[in-house]
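Asker: I would like the atomic coordinates for the input below:
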Amino acid sequence: MEEGREKKLVDDTIPLVATISSADITGNYATYDITVYRGCNSDASWTITHRYSDFAALNSLIQSWGLSDAPFPKKKVFGNMNRAFVEERRKALQVFIDVLLQTPLVASSMALKKFLDPAGYDFSLEEEALRQTSMLLRAEPHWKMIEPLKRIGSRIRREFFLVNCETEVVSKQALSWTELGPYFCLGFKEAASLGRTLSTIQHPYISPVTMAVINQSGAHISRPFHSSGSLRDVMSGSKPRTPYLKMALTPRSPLSEDEIAVAGRHILEALVFLQDRAFPYGHLHSGNVMVDTTSQGNIYKISNVENFILGVPSRNRNLHVQHGNVKTSVEADVYDFGLILYEMATGTELTTAICDSIPATIPTALRQILDSILSSTAQKEGLPLLDALISDIFFAPTTTSTHTQPVLKLSNKQRQNLAAQSALYQSGLTNDQRAVELAKRHSLAQRAMTDEKRSKMRRKRSSAKDRNNNVTVTPTAAAPVGGAPQAPTAPAAPKAPPAPAAAPSESGTTAAPLPRTQNGGGKAALLDSISSFSSGKLKRTETNDKSAPRI
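Answerer: Predicted coordinates for the structure are as follows:
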C-alpha cells in the first residue's frame, strides 16, 4: 500500500532534467549513466543506466508519433567500442535527450518519463483503471461499460471509459478513473463528502457530474459524453474519441472574434460562480472546456471541477511556477483564462510564461485583454480580477438562453476542508517558485563569475603583451651587406672595433689589406674596389726554398 501511495505523490507536471554523466564499456557493449533531477530540487535526483539500444527504441517510438526532429546518432557496426567513439556518442545522446525534454508534448509523455524515471512510473495504469472500474460497475446494475476510451486525455494518471446509464437523461456517459494526486491532504471521509457535493452542482456553463466515488484507490467521476468534444477537439477538427497525441499533432484553427467573445463570457461566468462560493478550480485549459452545439449556437462548459479536491496538479502548473506571480487558485484561473484566450485567437498554445509580443492580427480589444494578463507588466503589477474581466465590453452578455439555475451548497466543514487543500496548493506553488528563483540567481552568479574570470584572463594577457612591447631590443654590430640601410628602432649601437692586422709573412713583408666595406659605402664601393685592383701594384717577393733534402 505504501509503495503504491508513493507513486501517487509524484507531480507529473514538474519537468525533468537529465545529464549523461559518463559512459562505460562492459564487454561487447557500452552503458551510459544518466543523472536525473526533478525540477530545481537537487535532492530529488537519481541515476539510471541505459544502453544505446534503449535510446534507439525510444527514438523509434517518437518517430512513430511524427516527432522526428530530435537528432539521433546513427548505429555503427565496427569500431563502436572505441573509447573516443563512445565519448562522441555520449555527447550526441545528450543532445538527443535535451531536445526531447524541450519538446512539451514529448516531455510530458509516459514513454519519456518511464525512460528517465522507471521506478516512479513502474506501473500499468490501464490495467489498474480497468480493474477498479469493473469492480464499480458490478455494484451498479444500471451501469454498463461500452468500451475503453484509450488515452483521450493529456493526464498520465487518468483513464476514460464510455459507459451507458439507464437512469440518466443522457444515457452515454464518460466515466474516468483518476489516481489521487500529490496535493491530496483530505481524509477519505471528507473527500467522499465533497464527492457527493460535486453531483449537486448545477450551472449552465459547468459540465455536470452524475456520479462521484472517492476512496483510497482513486476516484471515479462520470459526466455526460459531449458528442462535439472539447474546445481543443473543435479547434483541431478531431472527434472526442481521438487519442490525445494524435489530436495534439493536428493543426488547430483559431476561432472568430465573436465566437471568442461568447466562449470567454461562458467561461468567466462559471469561474465567477465558483469563486463567489469559495470553491477552488485552477484547472482551466482548452481540453477542460466542453462544447455543446445547439440551435442557438455553441455552449461552452468548464469541466473537471473535481481535480482540486483530488489534489492533482494543474496542467499549466509549470507556467504558474515560471510566472512567479500566480499564488492562488483564483490567480491561476485568471492566468489560465489568458492562455486559453491566446489559444482561441491564434490556434496555438503559449509555451512561455510571459508574452510581450501579442500578434498584431488579433483585434485591438482582445489584444488589450491579453496584455493585461500575459505581459511582463502584468507579472510585476498583478493580474486583473475576474469581476473586472467579465465587466469588459468585449465579453458582453450573450443572448443564448439557458434554463439551469446555478446551485452549489457547501457546509462549513466542507469549506474548511477546501481551505486546507488550498493552503497546501499555495504552499507547494510558493516553494517551487522560490526554488526556481534561487536557481536563476545561482545561474546568474555563476555566469557573472565566469565572465569575471574571463575578464581577468584578458587583462592578464593584455598586461603581458604590454610588457613585451616595452622591452628594448639591441641590434647586432654588423651592418647589413648590400641594399639600403634599415632604420634602427633602438638606440644606435657603438662602432665595431677595428679589424685585427694581418699576420706578417715569413719574409717579414706585410700584405696589403683587402678593401673593407664601410657603413655608408654599400655595394657600389665594394664593386669599385674590386674593379680597380691591379696585380702590377703588388711587390715582387723572393722565396728561399729549403725543402730540398739534405745529403
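Asker: what are the ranges of the helices in the stretch 251-400 of the chain?
Answerer: 257-276, 307-310, 317-323, 329-346, 364-374, 376-381, 386-390 (DSSP state H, counting those that start in this stretch).
Asker: Please report phi then psi for Q173.
Answerer: phi -130, psi 150 (degrees, to the nearest 10).
Asker: repeat for the one 3 residues further on
Answerer: Backbone dihedrals for S176, given as degrees, to the nearest 10, come out at phi -120, psi 150.
Asker: what sits opposite it in the beta ladder?
Answerer: F160, I221 (DSSP bridges).
Asker: Low-confidence regions, the chain specifically.
Answerer: Applying pLDDT under 70 to the chain picks out residues 1-8, 41-42, 68, 77, 79, 399-403, 450-452, 465-551.
Asker: Tell me where the longest helix sits in it.
Answerer: As assigned by DSSP state H, the longest helix anywhere in the chain is helix 412-469.
Asker: Taking helix 329-346 as reference, get the angle to it.
Answerer: For helix 412-469 against helix 329-346, the angle by axes from the mean of the first three to the mean of the last three Cα atoms, to 10 degrees is 70 degrees.
Asker: What count of nearby residues applies to the closest residue to H283 other than its chain neighbours?
Answerer: Distance criterion Cβ to Cβ, 6 or more residues apart in numbering; nearest residue to H283, sequence neighbours excluded, is N307 at 4.4 Å. (C-beta placed from N, C-alpha, C; glycine too.) When neighbours are counted by other Cβ atoms under 10 Å, N307 registers 23.
Asker: S427 too?
Answerer: Neighbour tally, S427, other Cβ under 10 Å: 11.
Asker: what's the answer for D387, then?
Answerer: Neighbours of D387 (other Cβ under 10 Å): 11.
Asker: I'd like the distance between the spatially most central residue of the chain and Y121.
Answerer: When Cα atoms, centre = their mean is applied to the chain, the residue found nearest the centroid is Q102 (3.9 Å). Relative to Y121, Q102 is positioned 20 Å away (Cβ to Cβ, to the nearest Å).
Asker: All the strands of this protein, in order from the start?
Answerer: Using DSSP state E, the strands assigned to the chain run over residues 16-26, 29-38, 41-51, 143-149, 158-165, 172-178, 211-215, 218-224, 289-294, 297-302.
Asker: Distance to A464 for the ones you listed - can I get that in CSV?
Answerer: Converted to CSV, the strands of the chain look like this (distance: least, Cβ to Cβ, whole Å):
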stretch, distance to A464
strand 16-26, 37
strand 29-38, 40
strand 41-51, 40
strand 143-149, 72
strand 158-165, 65
strand 172-178, 67
strand 211-215, 73
strand 218-224, 70
strand 289-294, 67
strand 297-302, 68
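Asker: nearest to D98, of those?
Answerer: strand 16-26 (8.1 Å; Cβ to Cβ).
Asker: Pairing partners for that closest one, with directions?
Answerer: Sheet pairing of strand 16-26 (DSSP bridges) gives strand 29-38 (antiparallel).
Asker: which ones are touching S314?
Answerer: Residues counted as contacts of S314 (Cβ atoms under 8 Å, 6 or more residues apart in numbering) are T13, G282, H283, N307, H320, A332, D336.
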